[in-house]
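J.: give me coordinates for this.
(one chain, ligands or ions: 2)
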Amino acid sequence: MRALGAALLLLLSVLHLALCAEDYYKVLGLKRDANDREIKSAYRQLSKKFHPDKNPGDATAKDKFVEVSEAYEALSDPKTRKIYDQYGHDGLKQHQQQGGGGGHHDPFDIFSRFFGGSGHFGQPSERRGPNLEMRVQIALRDFYNGQTVEFHWDKQEICEHCDGTGAEDKVVDTCGKCGGRGIVIQKHMIAPGMYQQIQTHCDQCGGRGKSIKHTCHVCQGQRVIRQQTPVSVTIQRGIAKDARIVYENEADASPDYVAGDLIVTLNEKEPTPEDNPGHVDGANFRRRGDDLFWKEVISLREAWMGDWTRNLTHLDGHVVELKRERGQVIQPGHVETVVGEGMPIWHEDGDSVYHKTEFGNLYVEYAVVLPDQMESGMEKEFWAVWQKWRGKIGVDLHKDSGRPERPTDLWKDRHHEEL
Ligand SMILES: [Zn+2]
Ligand SMILES: [Zn+2]
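T.: Ligands and ions are numbered 1, 2, ... in the order given. Below is the predicted model of the structure:
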């Protein structure tokens, strides 16, 4: 009867496990072919999100935190990942029970291996590493279209080989010379019966109070290594050109402190040909807030007589048509407002079912170029036209300007200005 009861209990617990254990890939939000980097990155984000210190009193978050650690632990080791892929949770459990390693570590240990410190946040005793500020250059078209860019930086990480102990076998002993205090006190006799005490750093352990027998060959006992680490930055459409994006606890890591924040500040890049593969005019737009500015050069004939069209290619390749009918004059320096052709106006929902992106304006300033030289025939014809009309429809620029009359003869002669 007792045996039956035990068997039933076992069956129940197996059932319970089978029901509860969520797929590890699902837990981390990954596809089954995710690579190492993606597994790490998922762990980084989710472990911070569900960390119990950030969700006080929230039992669900705590369960999630444990789940995420388990999933990461199983998938980050190629051996256990293979077993999991083939035999699932049960296979992995069997492997662990048979002493195959990869058993459950304390989720806080796993966390501290990533972010340093004790695996906890916000404790007054916890030291915090420095924040790291970085600038990334982003092309205007990426601000307009939205983009995810990746860059690498030389990040200090906790050595994975020795788990940040500095020891090949991960065994750390208390320093025999200083007894773990990191300092030694030397006594000097300065006169008979009189001693001076001098405190110095323990040279045996370098002041750390710990000693290791076998130095880790990867970090040379430094406990940390520097390596090129990717950071992916999502540029949301229309985000401010000097926006700051904070990556919590992503600055240099160390076993001695909780990693500070990595702060990425965006910067608009001067346009280069590489940033403009489509040769769009938009790459040379100037941005001010949500608006864009462009200078369009037109000829004297176009400014004066009208009858022209220009196709401006915008930052995403769509065409903005500028045009004038015959007889529509444009004064030099005139600024035309093209409503809705500026930058996308940033919104937290982006372009989604909840929100339709609105746009600022495009301001086109016209610059009129006068011909330096004319063919002599053309010059003569124009001259003749001017001579014919200048007397008939004179425009008095002086009168129009509203300036007071000046008594000089010189000025008087200049009344009746040109057309
Ligand atoms: Zn020592
Ligand atoms: Zn190491």
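
J.: pLDDT wise, what is L30 at?
T.: In this model, L30 is scored at 93, pLDDT.

J.: can you tell me the element it falls in?
T.: When secondary structure is defined by DSSP states H and E, L30 falls outside every helix and strand.

J.: what's the answer for V368, then?
T.: Per DSSP H and E: V368 is located in strand 362-369.

J.: and that strand, what's buried?
T.: Going by neighbour count (16 or more other C-beta atoms under 10 Å), the buried part of strand 362-369 is 362-364, 366, 368. For the C-beta atoms, the positions are set from N, CA and C on the backbone; glycine is no exception.

J.: can I get these in a markdown table with distance to ligand 1?
T.: Output for the buried residues of strand 362-369, formatted as a markdown table (distance: C-beta to the ion, whole Å):
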| residue | distance to ligand 1 |
| --- | --- |
| L362 | 68 |
| Y363 | 69 |
| V364 | 73 |
| Y366 | 77 |
| V368 | 81 |
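
J.: for those, which one is nearest ligand 2?
T.: L362 (55.9 Å; C-beta to the ion).

J.: I'd say the closest one and W294 touch.
T.: Yes - judged on C-beta atoms under 8 Å, L362 makes contact with W294 at a distance of 6.5 Å.

J.: quick one: pLDDT of the nearest residue to G278 once chain neighbours are set aside?
T.: Spatial nearest neighbour of G278, excluding adjacent residues (C-beta to C-beta, 6 or more residues apart in numbering): G317 at 5.8 Å. Per-residue confidence (pLDDT) for G317: 93.

J.: next: the one 4 residues further on.
T.: At E321, the predicted lDDT confidence score is 97.

J.: quick one: contacts of the host helix or strand of it?
T.: In the assignment (DSSP H and E), E321 maps to strand 319-324. Contact with strand 319-324 is made by 296, 302, 306-314, 330, 336, 338, 341, 362, 364, as judged by C-beta atoms under 8 Å, 6 or more residues apart in numbering.

J.: centre of the chain to the very next helix or strand once past it, how far?
T.: Using DSSP H and E, the helix or strand that follows strand 319-324 towards the C-terminus is strand 335-338. With C-alpha atoms, centre = their mean, to the nearest Å as the basis, strand 335-338 stands 34 Å off its chain's centre.

J.: give the pairing partners of strand 335-338; include direction for each.
T.: When pairs are called by DSSP bridges, strand 335-338 turns out to pair with strand 362-369 (antiparallel).

J.: the contacts of strand 319-324 in helices, which ones?
T.: With DSSP state H as the criterion, helices contain E302 from among the contacts of strand 319-324.

J.: quick check on the contacts of strand 319-324: which are buried?
T.: Neighbour-count burial (16+ other C-beta under 10 Å) is assigned, among the contacts of strand 319-324, to 302, 308, 310, 312, 314, 330, 338, 341, 362, 364.

J.: wait, which of these is closest to C162?
T.: Proximity of these to C162 (C-beta to C-beta) peaks at H314, which lies at 54.1 Å.

J.: any idea how far the nearest residue to the closest one once chain neighbours are set aside lies from P230?
T.: Residue nearest to H314 in three dimensions, not counting chain neighbours: G282, with 4.6 Å by C-beta to C-beta, 6+ apart. According to C-beta to C-beta, to the nearest Å, G282 stands 29 Å off from P230.

J.: name the helices or strands packed onto the host helix or strand of S112?
T.: Using DSSP H and E, S112 sits within helix 107-115. Here helix 107-115 touches helix 36-50, helix 59-76, going by 3 or more C-beta pairs under 8 Å, 6 or more residues apart in numbering; DSSP states H and E.
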